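Undergrad: Next comes the sequence, and after it the predicted model I'd like to discuss.
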Amino acid sequence: MSASIRIGILFGGPSAEHEVSCASALGVARALAGGGYRTVAIGVTRSGGFRLVPDAVLAELRDRPAADRAIDDRLTVTGPAVELRAGPRPGTVLVSTRNAPGAVHAELDVVFPVLHGPFGEDGVVQGLLESLDVPYVGCGILASAVGMNKVAMKRALLADGIPITPHVTFDAHTYRQADDPAKLVVGLRRPLFVKPASMGSSIGISRVGEGDDLAAAVEEALRHDQLVVAEQGVAGRELECAVLGGWRPEASAVGEVRVAGGWFDYRQKYFGDADPMVVPAVLPDEVTERVRELSLRAFAAIGGWGLARVDFLYDETTGELYVNELNTMPGFTAHSMYPKVWAAVGVGYREVVDRLVELARTRHAECAATAARSAR
């Protein structure tokens with residue numbers, strides 16, 4: 001059946017996570033090709049334009065190292081400028097030359113948006129794909145938006161009684177008006193982690209210990225967003241769990257990130273030489289099951305569908321677990337935790353991708369049936 005399905009891989013984008021998306025897209029392309037799917041790769045440039053990646057270029061780059069920076073430009077600036085528009089059959093979308101709708105390159109049955117960060121993981125592209133009435137992989141508009149925005153996410157988790165770390169939020173205007181930035185984080189113990197509200201992959205995040213420059217950390221976060229979250233640090237272990245599914249999602253094995261120096265930054269996550277991930281994490285059985293339970297609850301709290309990775313902080317001294325964040329389109333690179341924790345329970349990369357494609361089609365069919373009933 002997979003041979004009859006043509007999948008568009010959408011990746012790149014204008015966010016600071018552009019190169020991560022390119023690396024993830026190559027992993028997805030390899031898995032789809034290995035599963036017999038027909039694929040069309042569409043790179044989103046840093047300025048937001050859509051470019052069709054020539055098949056020969058995609059085939060050449062699929063087996064290149066993910067850390068090869070040359071992949072970035074080859075994937076997103078080669079090929080003709082294209083646009084997406086509704087296809088002739090329900091649930092399909094056409095890829096055509098921009099400003100020349102008659103020049104059709106492909107008709108897609110499913111879109112796999114391997115986009116990280118703003119524009120791709122925040123509901124924007126999901127809204128575009130909904131308007132085109134095409135099945136797409138991953139969470140819908142609302143879950144994507146809530147998962148991307150740390151403030152909205154924390155509110156959703158708190159409403160469901162899911163434990164999170166103490167934190168404060170403030171915007172750029174409030175910060176500029178404050179005579180002392182320290183007053184904005186009163187009540188929080190250091191170290192703090194200062195983050196842009198809507199950014200992933202550890203971009204824009206600073207660790208602020210005693211004596212460190214809080215203002216510099218806030219300025220770094222404001223480079224990426226107008227809203228800032230300052231979280232109280234937890235002296236403990238960083239755990240991660242993957243969720244996969246629809247109405248009855250499943251949780252994976254639990255992984256652990258062990259990093260010398262305190263935390264897992266952007267370069268270490270995607271382009272580091274050492275692998276800091278331990279899969280499965282060595283934990284008491286009851287802690288493992290609690291992580292898996294909270295992962296499913298967090299996924300439900302944001303209305304998730306398809307996939308997410310849920311990140312935790314575990315304080316071994318107190319036994320407390322805190323949900324740190326959800327990623328509704330986690331990394332799919334060779335270094336990424338999401339495929340590793342599924343592999344640990346016998347679910348390989350290709351099977352994960354197969355299930356995501358099927359989940360996309362299932363949700364689209366159910367939504368279409370609901371719309372038809374509503375129109376009667």
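TA: Structure received. Numbers count the residues shown, from 1 in each chain.

Undergrad: how does this protein divide into domains?
TA: 2-136, 146-164+235-354, 167-232 (automatic domain parsing).

Undergrad: Relative to R376, which of those domains is closest?
TA: domain 2-136 (17.1 Å; C-beta to C-beta). Heads up, the C-betas are built off the backbone N, CA and C, glycines and all.

Undergrad: tell me the helices in the stretch 51-200 of the chain, going along the chain?
TA: In the stretch 51-200 of the chain, helices defined by DSSP state H, counting those that start in this stretch lie at 55-61, 70-76, 124-131, 141-148, 150-159, 172-177, listed in chain order.

Undergrad: Give the rounded mean pLDDT of the fourth one.
TA: What it means is helix 141-148. The pLDDT scores in helix 141-148 average 97.

Undergrad: In it, which residues are buried?
TA: Within helix 141-148, the residues scored as buried using 16 or more other C-beta atoms under 10 Å are 141, 143-148.

Undergrad: Which strands or helices does it pack on?
TA: helix 124-131, helix 150-159 (3 or more C-beta pairs under 8 Å, 6 or more residues apart in numbering; DSSP states H and E).

Undergrad: now these in CSV, with distance to V234 and mean neighbour count?
TA: What follows is these, written out as CSV (distance: least, C-beta to C-beta, whole Å; neighbours: other C-beta atoms under 10 Å):
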stretch, distance to V234, mean neighbour count
helix 124-131, 32, 18
helix 150-159, 15, 18
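
Undergrad: do you know which of those lies nearest V291?
TA: It's helix 150-159; of the helices and strands packed on helix 141-148, that one is closest to V291 (C-beta to C-beta) at 14.4 Å.

Undergrad: any idea how far that closest one is from the chain center?
TA: 17 Å (C-alpha atoms, centre = their mean, to the nearest Å).

Undergrad: contacting residues around that helix?
TA: With C-beta atoms under 8 Å, 6 or more residues apart in numbering as the test, helix 150-159 has contacts from 145-147, 164, 167, 169, 195, 197-198, 227, 229, 298, 301-302, 323, 325-326.

Undergrad: Now the buried members of the residues you listed.
TA: 145-147, 164, 167, 169, 195, 197-198, 227, 229, 298, 301-302, 323, 325-326.

Undergrad: In strands, which of those fall?
TA: The strands, defined by DSSP state E, take in 167, 169, 195, 227, 229, 323, 325-326 from these.

Undergrad: can you pull the contacts of the spatially most central residue of the chain?
TA: Residue closest to the mean C-alpha point of the chain, counted by C-alpha atoms, centre = their mean, is M329 at 2.4 Å. Applying C-beta under 8 Å, 6+ apart to M329 gives the contacts 113-116, 120-121, 138-139, 144, 307.

Undergrad: do you know how far it is from D55?
TA: 24 Å (C-beta to C-beta, to the nearest Å).

Undergrad: Could you do A152 as well?
TA: For A152 relative to D55 (C-beta to C-beta), the value is 40 Å.

Undergrad: List the contacts of the residue lying closest to V341 once chain neighbours are set aside.
TA: Spatially, and ignoring its direct neighbours in sequence, V341 is nearest to S252 (4.1 Å; C-beta to C-beta, 6 or more residues apart in numbering). Residues in contact with S252 (C-beta under 8 Å, 6+ apart) are 241-244, 292, 341-342, 344-345, 347.

Undergrad: Which of those fall in helices?
TA: 292, 341-342 (DSSP state H).

Undergrad: Can you show me the strands along the stretch 1-150 of the chain?
TA: 6-12, 38-44, 50-52, 82-86, 93-97, 100-108, 110-114 (DSSP state E, counting those that start in this stretch).

Undergrad: Let's have these in TSV, adding mean pLDDT.
TA: Listed next are the strands of the stretch 1-150 of the chain as TSV, based on pLDDT from 0 to 100:
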stretch	mean pLDDT
strand 6-12	95
strand 38-44	94
strand 50-52	93
strand 82-86	94
strand 93-97	92
strand 100-108	86
strand 110-114	97
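
Undergrad: ok so, going back, which residue sits closest to the residue nearest to the centre of the chain, ignoring its sequence neighbours?
TA: E121 is the one closest to M329 (C-beta to C-beta, 6+ apart), at 4.6 Å.

Undergrad: How about E256?
TA: A281 (3.7 Å).

Undergrad: Is that neighbour located within a helix, as I assumed?
TA: No - using DSSP: H, G, I helix; E, B strand; the rest coil, the secondary structure at A281 is coil, not a helix.
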